[in-house]
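Fold the stuff below for me.
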Amino acid sequence: METRQSPHEPSFGGETYDPEQDGERLYRQIDRVRRLFERNPGKWFTLRELSNFVGAPEASVSARLRDLRKNKFGGFEIEAARIQHGSGTWRYRMPRS
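Residues are numbered from 1 along each chain as shown. Alright, predicted model coming up:
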């Protein structure tokens, strides 16, 4: 099976990353998260809401948020805030430009 990664796209990394098995799925996830934020500047989303939109587990979406902050994936500013003091639930947004 051939990976559809463009030579112009940054590469994901990590010990368990296999471009052939993971590349297309991860690029699809990061693109969906980025597009949602860009279409809704300043709007807050929980991991559950992002997960539902992307169609991926919350842990995967959380990893894509970390990726989007990296320079090689655009160096986007992603803000995070607790929803309620003492709560483990966070929300995320890309601020308006």
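
Give me the most central residue, the protein.
The centroid of the chain falls nearest to Arg64 when counting by C-alpha atoms, centre = their mean (2.7 Å).

what sits against that one?
26, 29-30, 33, 54, 56 (C-beta atoms under 8 Å, 6 or more residues apart in numbering). Glycine gets a C-beta too; all of them are placed from N, C-alpha and C.

List the buried residues in the host helix or strand of it.
Remark: Arg64 resides in helix 58-69, with elements defined by DSSP states H and E. The neighbour-count criterion (16 or more other C-beta atoms under 10 Å) identifies 60-65, 67-68 as the buried residues of helix 58-69.

Kindly format the C-alpha coordinates of the very next helix or strand once past it as PDB.
The helix or strand immediately downstream of helix 58-69 is strand 79-82, counting by DSSP H and E. This file holds the C-alpha atoms of strand 79-82, laid out as PDB (Å, rounded to 0.1, in the frame of the first residue of the first chain):
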ATOM      1  CA  GLU A  79      -6.200  28.400  23.400                       C
ATOM      2  CA  ALA A  80      -7.300  26.100  26.200                       C
ATOM      3  CA  ALA A  81      -9.400  26.900  29.300                       C
ATOM      4  CA  ARG A  82     -11.100  24.800  32.000                       C
END
